[in-house]
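Asker: I'll drop the sequence and a predicted model, then ask my questions.
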Amino acid sequence: MDEVAWVVKETAVGPLMAACSGQGLVLVAFRAGPRTVARQVAALERRLGCPVVEDPVRTAPVSEQLDAYFAGELRRFDLPLDWSLTAGFNRRVLRELATGVPYGTVVGYQHLADRVGEPGAARAVGAAMGANPLPVVVPCHRVVESGGGIGGFGGGLEIKRTLLALEGVLPAPLF
């Protein structure tokens, strides 16, 4: 891998860091203040073995699609994805989520486990959601408890509620 480019975007859920390799979007990180960005850049350099540089030009397609999504104008991201930061079961679950759970819908942890052929793995699906390197674009916010609860979310429940409200699944938060 030659180089990874990153950018920070202000969004309705706070600053998001997006990073792209030559293969596609490799990382989306919440709460992307200076300390988070520095930590993510160092982690990407270590894990991918290449320089990681700020480059709003190379990341422009991601920025444009994030802007359109948060404006309510984009219902399906059309970006190449680089799955380098996930493997095995997690990758299988995240790929199923990316292709099989459309905008404005939700799926239960158990149902997603069933869909990847692992009916006893609902808790492992939860762990895969927590390890998702591409939140928002690979919509882990759309995975909820089978009994109707909202479930957990690596970005925090406030962000999950905001994303689900944006997609019309929940009413908009009052505050």
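Answerer: Here it is on my side, so go on. Numbers count the residues shown, from 1 in each chain.

Asker: not counting its neighbours along the chain, what's nearest the most centrally placed residue in the chain?
Answerer: Central residue of the chain (Cα atoms, centre = their mean): Pro135, 1.0 Å from the mean position. Leaving aside its chain neighbours, Pro135 sits nearest to Val28 (5.4 Å; criterion: Cβ to Cβ, 6 or more residues apart in numbering). The way it works is simple: take the backbone N, C-alpha and C, and place the C-beta from them, glycine included.

Asker: identify the residues contacting that neighbour.
Answerer: 16-19, 133-137 (Cβ atoms under 8 Å, 6 or more residues apart in numbering).

Asker: for the host helix or strand of Thr162, packing partners?
Answerer: Using DSSP states H and E, Thr162 sits within helix 157-166. Applying 3 or more Cβ pairs under 8 Å, 6 or more residues apart in numbering; DSSP states H and E, we find helix 157-166 packed against no helix or strand.

Asker: ok, and for that helix, which residues are buried?
Answerer: By neighbour count with 16 or more other Cβ atoms under 10 Å, helix 157-166 contains the buried residues 159-164, 166.

Asker: repeat for stretch 44-51
Answerer: Quick answer for stretch 44-51 (16+ other Cβ under 10 Å): 44, 48.

Asker: hey, C-alpha coordinates of it in PDB?
Answerer: Extracted in PDB, the C-alpha atoms of stretch 44-51 (Å, rounded to 0.1, in the frame of the first residue of the first chain):
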ATOM      1  CA  LEU A  44      -3.300   3.100  10.600                       C
ATOM      2  CA  GLU A  45       0.500   3.600   9.900                       C
ATOM      3  CA  ARG A  46       1.200   0.700  12.200                       C
ATOM      4  CA  ARG A  47      -1.500  -1.700  10.900                       C
ATOM      5  CA  LEU A  48      -1.200  -0.900   7.200                       C
ATOM      6  CA  GLY A  49       2.600  -0.200   7.100                       C
ATOM      7  CA  CYS A  50       2.400   3.000   5.000                       C
ATOM      8  CA  PRO A  51       2.300   6.800   5.400                       C
END
